[in-house]
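Student: curious how this folds, go ahead:
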Amino acid sequence: QGSIAVAASQATNVQFVSATPPIIFLTGSVGASQSQLAFRVVDASGASLQNQSLVFRLITNAGTGASIGTVGNTADVVLTTDVTGAVAVPVFSGTIPTSVQVRASLGSNTSVFALSNVLTVASGRPVQSATSLGVSNFSIEAFNIDGATTNLTFSMADRQGNPVPDGTQVNFVSESGVLIPPVCVVSGGTSSCGVSLRAQGVRPSNGVVAVLAYVPGEEDFVDQNFNNVYDAGETFTDLGNAYRDDNDSGAYDAGEFTVPRAGATTCAGGTNGRANTCDGVWGTVDVRTQANIVFSTSAGTITGTLTNTVVGTSTLGSLDVVIADLNGNSMATGSGISVTVTSANNSGCTANLPSAVIPNTTSSFRQVISTAKCTNGDRLTVKVT
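Tutor: Purely as a prediction, here's the structure:
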């Protein structure tokens with residue numbers, strides 16, 4: 001009979017497990033500004049070890065404002081593994097979009113360590129200069145017909161070109177019809193979302209329907225000292241209250257939809273911004289973009305001007321055609337265009353049609369149809385379906 005001392009299993013490796021979430025956003029933005037970085041300590045057989053001391057060091061800082069353990073801390077943090085051999089350390093974003101790494105080393109042997117995979121810090125808040133509103137069909141056959149639809153996609157980014165956080169909500173308002181849904185939510189890291197506009201209700205007399213999309217963001221500014229934070233004296237774009245320009249006059253008119261915010265500073269207002277509703281202070285603002293959708297009539301007008309050059313008994317020429325709906329707008333996007341030739345003299349008259357469809361536009365469509373071998377009495381018929 002005797003006694004044998006069994007030594008504790010020795011830690012031989014530190015493993016990085018995960019960063020949750022892998023993308024965080026600048027302090028003060030709408031997205032998450034904290035991520036949990038998980039590590040695990042194992043022995044030579046891969047078994048997890050508890051009560052192991054780990055020293056966490058922030059590798060990437062360099063004035064970015066990122067911190068570890070607690071907000072604002074950049075010093076090493078010491079934590080102990082739990083019964084599963086795991087331990088997690090919080091990392092907080094700062095003011096600069098960057099990549100952040102954390103080094104976790106054994107307290108008993110700092111040569112045994114692991115580095116976290118890259119944790120990304122993005123800016124987060126959208127700015128006016130990085131927004132756009134895409135439309136699937138700028139003109140739909142809807143002036144007298146209910147139910148026609150078109151899709152609108154609002155795309156945005158922060159001032160560094162980074163995507164905005166998932167969960168960002170964009171509001172839409174329309175002069176006519178119904179928006180389904182009225183609010184869209186960014187998801188899947190796309191930094192965009194969309195809605196559908198369906199024709200119904202009272203139409204504007206000119207057939208043009210204004211749609212405004214807006215989302216809380218921040219005003220653009222010139223970062224003169226490169227700290228990615230607005231500092232007093234830096235140039236910025238002061239935007240007025242967002243409004244929907246129903247009559248496309250380029251200025252706010254009484255009765256048009258507006259997003260109410262405080263502000264009375266003299267200013268031009270900016271993109272879809274009411275004049276003299278700025279606040280003179282850099283800060284948050286409704287980032288906005290408008291698109292005009294044509295509710296096209298089913299009937300249209302086709303006008304043409306014929307230009308001829310006579311060569312012997314034949315004519316080389318062209319027919320300059322303008323196609324519009326009854327309000328002078330584009331006919332429905334994708335409508336078919338055709339031209340037929342009726343030749344009383346079997347002259348061999350031909351006509352070349354450059355485009356067989358109405359393009360995706362809001363304005364009337366003009367194209368030049370070239371002809372050859374046409375003689376007096378030949379007829380060209382242009383038709384839009």
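
Student: which residues does E141 contact?
Tutor: E141 makes contacts with A148, S296, T297, S298, M331, A332, S335, as judged by Cβ atoms under 8 Å, 6 or more residues apart in numbering. No exception for glycine: its C-beta is placed from N, CA and C like everyone else's.

Student: same thing but 6 Å
Tutor: A148, S296, S298, A332 (Cβ atoms under 6 Å, 6 or more residues apart in numbering).

Student: look up how far S139 lies from the second one.
Tutor: It refers to S296. According to Cβ to Cβ, to the nearest Å, S296 stands 5 Å off from S139.

Student: touching both of those two, which residues are there?
Tutor: Contact criterion Cβ under 6 Å, 6+ apart; residues bridging S296 and S139 by contacting each: A332.

Student: just among the contacts of E141, which is most surrounded?
Tutor: Across these, neighbour numbers were computed from other Cβ atoms under 10 Å; S296 holds the maximum, 31 neighbours.

Student: got the phi/psi numbers for it?
Tutor: Reported as degrees, to the nearest 10, the phi and psi values for S296 are phi -80, psi 150.

Student: go on, A130?
Tutor: Dihedral pair for A130: phi -110, psi 20, per degrees, to the nearest 10.

Student: burial check on the closest residue to it other than its chain neighbours, number of neighbours?
Tutor: In space, not counting the residues next to it along the chain, A130 is nearest to A157; the distance is 3.9 Å by Cβ to Cβ, 6 or more residues apart in numbering. Applying the criterion other Cβ under 10 Å, we find 22 residues in the vicinity of A157.

Student: gap between A157 and P97?
Tutor: With distances defined as Cβ to Cβ, the gap from A157 to P97 amounts to 11 Å.

Student: how about W282?
Tutor: Distance from W282 to P97, counting by Cβ to Cβ: 18 Å.

Student: just the buried positions in the helix or strand bottoming out on mean pLDDT in the chain, please.
Tutor: Confidence across the helices and strands of the chain bottoms out at strand 119-122, with a mean of 79, counting by mean pLDDT, DSSP states H and E. For strand 119-122, burial by neighbour count (16 or more other Cβ atoms under 10 Å) applies to L119, T120, V121, A122.

Student: now those in a markdown table, with distance to T265?
Tutor: Converted to a markdown table, those look like this (distance: Cβ to Cβ, whole Å):
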| residue | distance to T265 |
| --- | --- |
| L119 | 40 |
| T120 | 37 |
| V121 | 33 |
| A122 | 31 |
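
Student: now the two most distant members of those.
Tutor: Within those, L119 and A122 form the most distant pair, 10.7 Å apart (Cβ to Cβ).

Student: doesn't V294 make contact with N329?
Tutor: Yes. N329 lies in contact with V294 (Cβ atoms under 6 Å); the separation is 4.4 Å.

Student: more crowded one of these two?
Tutor: When neighbours are counted by other Cβ under 10 Å, V294 comes out ahead of the other of N329 and V294, with 27 against 24.

Student: and the helix or strand containing that one, what does it pack onto?
Tutor: Using DSSP states H and E, the element containing V294 is strand 284-296. Using 3 or more Cβ pairs under 6 Å, 6 or more residues apart in numbering; DSSP states H and E as the contact criterion, the secondary-structure elements in contact with strand 284-296 are strand 132-135, strand 139-141, strand 208-218.

Student: may I see the buried residues of it?
Tutor: V285, D286, V287, R288, T289, Q290, A291, N292, I293, V294, F295, S296.

Student: tell me the one among those residues nearest to V164.
Tutor: Distances from the buried residues of strand 284-296 to V164 were compared by Cβ to Cβ; the smallest belongs to V287, at 9.9 Å.

Student: the closest one is in contact with P216, isn't it?
Tutor: No. The pair formed by V287 and P216 falls short of the contact definition of Cβ under 6 Å, at 7.4 Å.

Student: got the end-to-end distance for stretch 253-266?
Tutor: This stretch, stretch 253-266, spans 17 Å end to end (Cα to Cα, to the nearest Å).

Student: sorry, that was for stretch 185-193
Tutor: Taking Cα to Cα, the span from the opening residue of stretch 185-193 to its closing residue is 6 Å.

Student: what of stretch 65-78?
Tutor: For stretch 65-78, the first-to-last residue distance is 20 Å (Cα to Cα).

Student: next one: S187 from T120, what distance?
Tutor: With distances taken as Cβ to Cβ, S187 is found 18 Å from T120.

Student: one more: N144?
Tutor: Taken as Cβ to Cβ, the spacing of N144 relative to T120 amounts to 51 Å.

Student: kindly report the same for G269.
Tutor: Counting by Cβ to Cβ, the gap from G269 to T120 is 35 Å.
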